[in-house]
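> okay, predicted coordinates and the sequence, questions at the end:
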Protein chains: 2
Amino acid sequence: VRAGQVIGDWGNTRLRLWRLESGAVADRREGRGVAQTDHPSAALAAALGNWQADRIVLCGMAGARNGLHETPYVACPADAESWRSRLTTFERGGASVAIAPGLASSDGRADVMRGEETQIFGAIANHPHLASGTHHTVLPGTHSKWAVLANGRIESFRTFMTGELFDLLQRSSLFAADGEAAEADEDGGFSDGLSRHGPLSALLFEARSGQLLHGRSAGWARGFVSGVLIGAELATMKPHGSVTIIGEPELANRYSRALADRGLRPAILDAEQCTIAGLRLLDADA
Amino acid sequence: VRAGQVIGDWGNTRLRLWRLESGAVADRREGRGVAQTDHPSAALAAALGNWQADRIVLCGMAGARNGLHETPYVACPADAESWRSRLTTFERGGASVAIAPGLASSDGRADVMRGEETQIFGAIANHPHLASGTHHTVLPGTHSKWAVLANGRIESFRTFMTGELFDLLQRSSLFAADGEAAEADEDGGFSDGLSRHGPLSALLFEARSGQLLHGRSAGWARGFVSGVLIGAELATMKPHGSVTIIGEPELANRYSRALADRGLRPAILDAEQCTIAGLRLLDADA
């Protein structure tokens, strides 16, 4: 297949590639994540298969130290232009490969992102109202990213290990093996967790104690832990005004519910559409 | 061996038994933790071996739902007398078996302990100055317990999942595989972590970003995470005045260093000595 242009988002756990025809997505393929291979070049070639690409534009962990080719971090505040100007381009296997830089915070804390900036700049490109004024955006996930946009720039951002902690805690002592969760239990636990404030290590233990003392189910405890973790994000970031969630539907709905509790009505944007829009910004620059 | 009296602390990960002769410890044996067996009676018999006990006094997870025999929680505030009065005694294999109750908090939060109360009441028995006035005690570990003592009562307590979170995080993305830690790095990371305040899920990610942006080592990151977790305990409990650490030397020293940073000079008591003293309080009641 004469593929011409291919764009892709290479995360730790998966690679997604889209083949463009006349600038529109014509096909989609998946491959291994950066953390799942010691040979990124071979993994990319395997995922491309019979696509004969002239140009490949990638974001995410493709630019990490253990990725295809390390790319720099651009310091915040950053707009799409300054980000795009730091694109790293090289030849590989007959194709021109371009990899997006990541972003680094510049407020004294050490914080980084790789890939989410592409989604945010894509969201701005697809939704021009985000290009002016102040907007809070959240990209829920393994490492949830909250970013503040000011007139189309990513002004600052902060990472929360919410998804990773939640996954690690599945292997902890918190969830007694007492069968499957009733959905209503989990919803109730989520509300209870959202309303609690305090140190995470202490609140998490309440998930266990609630089962021991108050007959709570493991499903309630899972919801509670999720509520506590997302509640900590909201208590720290204090989003207000215009809030946009960029994410997969299930997780986006959970954040939407948490934000609604605070009287906010967030917009939800599809993560994949934003990724594609962001990558096309880079492709257009070629 | 005619053992007469045996006392024991049965935790999730190990069982420790001490054989008493004329009220003094004459021998020591270990066995499986409660979480490591589906047959607590058989595990206890295996650990006792050829000790022919007339009376066995146990604390800890022996009284948990999945232990030898479920015992109640005594609500705080609780003194040694009210705790001792809830001892659960029954016959098993020709011996009289007594299991200590646990403690539950009574300030609206769900919180429990099983075993640490025995150490605290043992500490008070061995160190009479703890029986009057106000004292802050901490028992570092998988689930760190902070208790406030008032005139010999355990007034209130709070659990932090510090050790469990630290162990879980060893399996996370935080510590890039870049070889072993230099001890100085880990010490420096610990100080850096102690001095940071904020939401745990965000601070933890700084351990990773510090490696990516500032060339920090994995050893520094481990120290940083430890400092952040212990710092969260101190920021919440705000210990002052008389502070006592009941724990194993290495962990006790780490807490001692954190408390010294706040101008406090904690006393360190040996955990095993306190456990034995607490169990002997229960044995004396027989």
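Yes, it's here.

> got the residues of the stretch 151-286 of chain A near chain B?
Contacts of the stretch 151-286 of chain A with chain B, taken as CB under 8 Å from any CB of the partner chain, map to A:158-162, A:164-165, A:168-169, A:171-173, A:198-202, A:204-206, A:209-210, A:212-214, A:229, A:232-233, A:235-236. (Glycine included, C-beta is placed from N, CA and C.)

> so how far is B:Leu203 from the residue of the stretch 1-150 of chain A found nearest chain B?
Ranked by CB to the nearest CB, the top residue of the stretch 1-150 of chain A for proximity to chain B is A:Ala110, at 3.7 Å. Distance, A:Ala110 to B:Leu203, using CB to CB, to the nearest Å: 10 Å.

> about what we covered before: filter the residues of the stretch 151-286 of chain A next to chain B to the buried ones?
A:158-162, A:164-165, A:168-169, A:172, A:199-202, A:204-206, A:209-210, A:212-213, A:229, A:232-233 (16 or more other CB atoms under 10 Å in any protein chain shown).

> for the residue located most distally from the centre of chain A, report the pLDDT, please.
Computed with CA atoms, centre = their mean, the residue of chain A farthest from its C-alpha average is A:Leu213, at 36.7 Å. We have a pLDDT of 90 for A:Leu213.

> spatially nearest residue to it (excluding sequence neighbours)?
In space, A:Leu213 comes closest to B:Ala110 once its chain neighbours are excluded; the distance is 4.8 Å by CB to CB, 6 or more residues apart in numbering or on different chains.

> so what's that neighbour up against?
A:206, A:209-210, A:212-214 (CB atoms under 8 Å, 6 or more residues apart in numbering or on different chains).

> can you classify A:Ser96 by secondary structure?
Following DSSP: H, G, I helix; E, B strand; the rest coil, the label given to A:Ser96 is strand.

> about what we covered before: what about the residues of the stretch 151-286 of chain A next to chain B, which are in helices?
A:162, A:164-165, A:168-169, A:200-202, A:204-206, A:209-210, A:212-214, A:229, A:232-233, A:235-236 (DSSP state H).

> coming back round to it: pretty sure the residue nearest to A:Leu213 is in a strand, no?
No - under three-state DSSP, B:Ala110 falls outside any strand and is assigned coil.

> quick one: low-confidence ranges for the stretch 101-250 of chain A?
A:176-182 (pLDDT under 70).

> where do the strands of it begin and end?
Counting by DSSP state E, counting those that start in this stretch, the segments of the stretch 101-250 of chain A that form strands are A:102-104, A:112-113, A:134-139, A:144-150, A:153-160, A:243-247.

> name the helices or strands packed onto the longest one?
So the one you mean is strand A:153-160. Applying 3 or more CB pairs under 8 Å, 6 or more residues apart in numbering or on different chains; DSSP states H and E, we find strand A:153-160 packed against strand A:112-113, helix A:116-126, strand A:144-150, helix A:218-237, helix B:200-214.

> next: the third one.
When contacts are defined as 3+ CB pairs under 8 Å, 6+ apart, strand A:134-139 sits against helix A:116-126, strand A:144-150, helix A:218-237, strand A:243-247.

> next one: the helix or strand hosting A:Asn253 to chain centre, how far?
According to DSSP states H and E, A:Asn253 maps onto helix A:249-260. Helix A:249-260 sits 14 Å away from the centroid of its parent chain (CA atoms, centre = their mean, to the nearest Å).

> tell me the first helix or strand C-terminal of that helix.
strand A:267-270.

> and that next one, which strands flank it?
Here strand A:267-270 has these sheet partners by DSSP bridges: strand A:243-247 (parallel).

> tell me, what's touching A:Ala110 and B:Leu203 both at once?
Counting by CB under 8 Å, 6+ apart, A:Ala110 and B:Leu203 have no shared contacts at all.

> can you tell me what sits against the helix or strand harbouring A:Gln273?
In this assignment (DSSP H and E), A:Gln273 forms part of helix A:271-284. Residues outside helix A:271-284 that contact it (CB under 8 Å, 6+ apart): A:5, A:7-9, A:16, A:18, A:20, A:23, A:25, A:55, A:57-59, A:80, A:84, A:87, A:98, A:100, A:115, A:117-123, A:125-126, A:139, A:246-248.

> help me confirm that A:His143 comes into contact with A:Asp167.
No - the criterion here is CB atoms under 8 Å, and A:His143 misses it with A:Asp167 at 11.4 Å.

> ok, the two, which is more surrounded?
Legend: neighbour count by other CB atoms under 10 Å in any protein chain shown for A:His143 and A:Asp167, higher for A:His143 (22 against 14).

> gap between that one and A:Leu264?
Between A:His143 and A:Leu264 the computed distance is 22 Å (CB to CB).

> still on that earlier bit, from the chain's centroid, how far away is the helix holding A:Gln273?
14 Å.

> next: stretch A:25-45.
Using CA atoms, centre = their mean, the offset of stretch A:25-45 from its chain centre is 18 Å.

> just stretch A:142-150 next, same as before
Relative to its parent chain, stretch A:142-150 has a centroid offset of 8 Å by CA atoms, centre = their mean.

> buried stuff in it?
Neighbour-count burial for stretch A:142-150 [16+ other CB under 10 Å]: A:143-149.

> over to stretch A:64-84?
A:64, A:67-69, A:71, A:73-74, A:76-80, A:83-84.

> would you turn these into CSV with pLDDT, distance to B:Gly49 and secondary structure?
Shown next, in CSV, are these (pLDDT from 0 to 100; distance: CB to CB, whole Å; DSSP: H, G, I helix; E, B strand; the rest coil):
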residue, pLDDT, distance to B:Gly49, secondary structure
A:Ala64, 95, 55, coil
A:Gly67, 95, 56, coil
A:Leu68, 96, 60, coil
A:His69, 96, 62, coil
A:Thr71, 96, 63, coil
A:Tyr73, 96, 61, strand
A:Val74, 97, 66, strand
A:Cys76, 97, 64, coil
A:Pro77, 97, 69, coil
A:Ala78, 98, 68, strand
A:Asp79, 97, 73, coil
A:Ala80, 97, 72, helix
A:Trp83, 97, 68, helix
A:Arg84, 97, 72, helix
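
> which members of those residues are the farthest-apart pair?
A:Leu68 and A:Pro77 (27.4 Å; CB to CB).

> residues in the stretch 1-150 of chain A within reach of chain B, list them.
So the stretch 1-150 of chain A meets chain B at A:12, A:65, A:73, A:104, A:109-112, A:143 (CB under 8 Å from any CB).

> good, we can wrap up now.
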